[in-house]
Structures are given as C-alpha cells and as structure tokens.
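**Q** give the three-dimensional model of this entry:
(3 chains)
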Amino acid sequence: MDERRLDGNAIGGELMELFGTEMTVAWAVCRACGAHEQLAEMRVYRDAPGIVGRCVRCEAVLLRIVHAPGRSYVEFSGVASLEMPVS
Amino acid sequence: MPVISRGFHGRRQDGPPDRVPPGQYVTEDFPVLSAGPTPHVHLDSWTFEIQRGDDLLHSWTWDEFQGLPREDVTRDIHCVTKWSKLDTTWEGVSVDTLLDTVDDDSAYVLAYSYGGYDTNLPRDDVTGGKAWVVDTFDGEPLDPEHGGPARLLVPHLYFWKSAKWVRGLIMRDEDDPGFWESNGYHLRGDPWLEQRYWGD
Amino acid sequence: MAGTAVLGRLTWLVAEVAATVPETPRTRTLVLDVPGWSGHRAGQHLDVRLTSDDGYQAQRSYSIASAPGQPLAITVERLEDGEVSPYLVDVVHDGDAFEVRGPIGGYFVWEAGDERPVLLVGGGSGVVPLMAMARAHKAAGADTRMRLLYSSRTLDDVIYHGELVHLDGNGLDVVYTLTRGQPPGWTGYARRIDDDMLREVAWPAGDGPIVFVCGSTHFVDAAADGLVRLGYDPRWVKTERFGATG
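**A** Prediction:
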C-alpha cells in the first residue's frame, strides 16, 4: 500500500523556496505520456534520499530534488513543458 | 541561529564511533525510503540477469536463484539520510557467485531494478565478499516495501546503492551515474569518507 | 525570473505559542503569534521547523485551521511514533517558540467570492484546511452552498465538534460518517465513504460545484475517484493528501 505517496501540495514550501514563487498551480506536461497535470496533483515520494515527483497518469519521473548543505539539486527533465501563471 | 524549541529532542542516539560513520545516528527502526510505487513482482516471473551491451550473459529464474550457494550476512547499514542500523541480518547469494558464472571483466556495473531504479558501482565494490543479492531479512522473506522479493546489499556504501527490487547487473566500461548519482548524490558513496553529495 | 509574479522567497519566522486548545484525545490546536506573518487564504498550510539544543532540526507541514483575519492557528494530530507531532500536541505550552514559514499553497484554496457550491470531504485530520474554508465562509457571510462530509473513527475523534454543531444549518451542512464506533442511537452514516454515500451527499454534478478532498492518500484517492464516477469534472475536484509521518 503506497500510503507513503503524497502529492505536490506536500512540497509546496520546497518549490516556493527553490523557484521564488508559488509552483503547485503550475501545469506540467509529462514528457513520457503527454499528460497535463498541475504540480499540486503530481505523485510525490518524499521519503527517498531525495524528493521524487511522478506523473499522475503514468508514474514517469517528472522531477527530482536533492538537498545538500548549502545547495539543492533539481532535475526537471521529465517535464516537457511548464506553464506558470504570471500576473 | 534558529530559535531552539524547548524540550524538543530528535529520536537519534549516538552509537559506538568505530561502528557509526561520521554524521550518522543509530536507529532501532528500519525506515522505508522509496522513489516510487512499490513494484509487485511474482516469483514465477522474477528473473535476475547479467547483461553486457545487447548480450544477455546469464539469467536465473527464482527457483534457479534459490538453488545457488547462499550465505548468512550480518552487517551494519548506513543511509545517506543519516540513520545507521547495526547488525542487520540477511540471507542471499554473493555477487561473486553470480559474476563467477559469466566471463566478463568489465570494470563497472549498473544495478537495475523492477520499477526503474538504478545505481552505478565499480566492480570492485560488489566483489571480494562485499555484496549480495538478498531475499531474506531478519529471518523472514524480504518485505516488498524493503525491496522484496530480492534486493542488492552493498553495506560498505551508503544504502541507496543497495538497490531494492534488483533484477540485474549491466556490465560496462564507464561508471555512468544512476538514478540518484545523476542528481546530486556522490558517484561512489563511502560513508566513512562521508561521500554523500557531489563535491564531497 | 524578472518580471514574473514573485511572491518572495519564503523566510522562516519565529512563532510563539499564544494559546493551546485541546480538541480531541489525539489533536490539539495551537494559536500562534508570528510577527511578520503576512496573512493567508483558507486551505493554505505552513511549515513548522523545530531545532533542538544540539542543532538537530525537524520540519513538518500543517494546514492552517483559522480563517483569514482570525488569529493564526494550526491543528495537529499526534501520530504514534511521530517525531514532531507528539511534541506539538503533548509538550508545547504557551510561550514556547519554533519557526514557521508560509503561507504555502495556491491550488487547494477557497475564497469567498467564488460563487460555486462547495463540497468539502475530509478524513480524520484532513478536516483542518476544510475548517479554515468553513470559517472563512462564515466570516464573509457568504451565501453560496457549502457542505462538509467528514469521516472520523468515532464521535470523540471529530475535531471542532462543538463549532460544527453551531455552524450546521447556519450556512454550512455537516454530514458525519463514523467508521469505527457510533454512539447509541446514532442514525448517521457508519462506514467508509463509498459511491452510494457520495451520491446522497454530493451536490449534483450539473450544479458546477467545486470540491476539496483532504485526508490520507488512500482516503483522498477513493473519494476523488468516486466523485469523478458521479460525473464531477476532475478539474474541479481539488485534492490534498496527508502522510502518516509525524
């Protein structure tokens, strides 16, 4: 039972700290299957040695975040495109 | 200096310094860390393969794997998230036994798993009695959330190298980074040298 | 990122506990005094960071229970074997301090002014952000329909029960389902949420409702799937999953 799985809301603070803006409302296109999903809805596995965000439809990795002292490593290559609201 | 919260203590205990690498604490629990959904693999379709390039060098079914010489293994394990667990007991097949069946002297391997996880290792780190494919933990069949039916066990390196749900080794000439090594985690991961992240 | 709507990097602020309110045997509300707090929208959460005297830090997220404009409050459930929640529920008292950052979240938010009928579906401590929405609805005097379907183990585990009794029929409909034990004479639902219950409780899909579902991953997945089967537009079924880590 994957109760350890959460969603993008759980890393809202993390994403805001990395990108300087609210990110959970951003729409991502999954590179593997083409699904459009808001980052809030992405499947998040947060217990790992890092954070893994996966596509709600196909479970492909959308993003990975690793926190090291004084820096974070972020990899978004599973996101083909990100749509962010700008006012 | 962040504000100290009165009366808050983490759960950590320090352990004997000759057993516990720098920056680690000892736990009695066995935390579950996962990068994705738990794969559920039926034993009648499970295989372990050794590949090089497009060539399948050898493959074992579960029954064949069960027929290989087995060892009891008791070791300390160290997770990069700072917990260490002492005297963990496992049962499985030495990677030396597996690699002895193939005629290949590649310097590096990529261990890969059901569910898509992988991790890179020098051959020297999985031979000479340093690594096993284990299917039993603490006397019981390995739980799927801890990597069952079988996982790699490489206790002298940080535990992200001990790939859960392992399904094979790819023999290769380069130490190309795996799932975590390609995004911030150290290429080798020796806990005694505190090789947690890139640049350590 | 120049020119984009940057809300500013989150900074950790010092929170002092102004009051503690026991809610149920497992939960407690902490009212916080946070100089520099910029306010929040109903449904948002904040992150709490604790530092022990040897420098060890632990961090968790908690939904804000208070409505915008009310004193900032979070409600915490004590999780067995938790590292942070037992501290916040059992140890912390008035005057204690820790750090918070927030508010966080732009997806799971409700604001008075949204004219759509609202369905709130909460499991256990998943009710906390939904309560912020119910409180915001009342504080704004909103006349849009709002209904809460709240799943708890027993009546003793219903958080904010007194306040919900007061709100029920007063701008908010409250429907309980008690899954583990019911008081004598209970005539309400006594089972896990299923399609039949949703069909009876949810607003008709054709009314264009917005739904907020919050609780454990298993609870949220089941309820959200059920609503979509009832014909709800998945774009208007907002979900927030809480973990079992504490």
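**Q** so where do the strands sit in chain B?
**A** B:25-26, B:47-52, B:55-61, B:71-78, B:83-94, B:108-113, B:118-122, B:132-137, B:140-141, B:151-153, B:166-172 (DSSP state E).
**Q** sheet partners, orientation included, of the last one?
**A** This means strand B:166-172. strand B:47-52 (parallel), strand B:108-113 (antiparallel) (DSSP bridges).
**Q** mean neighbour count, the strands of chain B: which tops it?
**A** strand B:151-153 (a mean of 25; mean count of other Cβ atoms under 10 Å in any protein chain shown). For glycine as for every other residue, the C-beta is placed from the backbone atoms N, C-alpha and C.
**Q** what's that one packed up against?
**A** Under the contact criterion of 3 or more Cβ pairs under 8 Å, 6 or more residues apart in numbering or on different chains; DSSP states H and E, strand B:151-153 touches strand B:132-137.
**Q** what about the strand it packs on, distance to the chain center?
**A** Between the centre of strand B:132-137 and the centre of its chain there are 10 Å (Cα atoms, centre = their mean, to the nearest Å).
**Q** that strand: partners in the sheet, and parallel or antiparallel?
**A** For strand B:132-137, pairing defined by DSSP bridges yields strand B:83-94 (antiparallel), strand B:140-141 (antiparallel), strand B:151-153 (antiparallel).
**Q** using a markdown table, lay out those strands together with distance to C:R60.
**A** Below are the strands paired with strand B:132-137 laid out as a markdown table (distance: least, Cβ to Cβ, whole Å):
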| stretch | distance to C:R60 |
| --- | --- |
| strand B:83-94 | 18 |
| strand B:140-141 | 32 |
| strand B:151-153 | 29 |
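**Q** ok, which residues in chain B are in contact with chain A?
**A** Residues of chain B found near chain A (Cβ under 8 Å from any Cβ of the partner chain) are B:31-38, B:79-81, B:116, B:160, B:180, B:182-185, B:196-198.
**Q** which parts of chain A sit against chain C?
**A** Counting by Cβ under 8 Å from any Cβ, chain A sits next to chain C at A:1-10, A:12-13, A:16-17, A:19-22, A:24-25, A:38, A:40-41, A:46-47, A:84-87.
**Q** put the buried members of these into a PyMOL selection.
**A** What follows is the PyMOL syntax for the buried subset of the residues of chain A next to chain C, where burial is set by 16 or more other Cβ atoms under 10 Å in any protein chain shown:
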select buried, chain A and resi 4+5+6+7+8+9+10+12+13+16+17+19+20+21+22+24+25+38+40+41+46+47+84
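**Q** reformat the strands paired with strand B:132-137 as TSV; add mean pLDDT.
**A** Output for those, formatted as TSV (pLDDT from 0 to 100):
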stretch	mean pLDDT
strand B:83-94	97
strand B:140-141	98
strand B:151-153	98
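**Q** can you tell me the residue of chain C closest to chain A?
**A** Going by Cβ to the nearest Cβ, chain A is nearest to C:Y107 of chain C, at 3.6 Å.
**Q** SS state for the closest residue to that residue other than its chain neighbours?
**A** Nearest non-adjacent residue to C:Y107, counting by Cβ to Cβ, 6 or more residues apart in numbering or on different chains: A:A40, 3.6 Å away. Under DSSP: H, G, I helix; E, B strand; the rest coil, A:A40 falls in the helix class.
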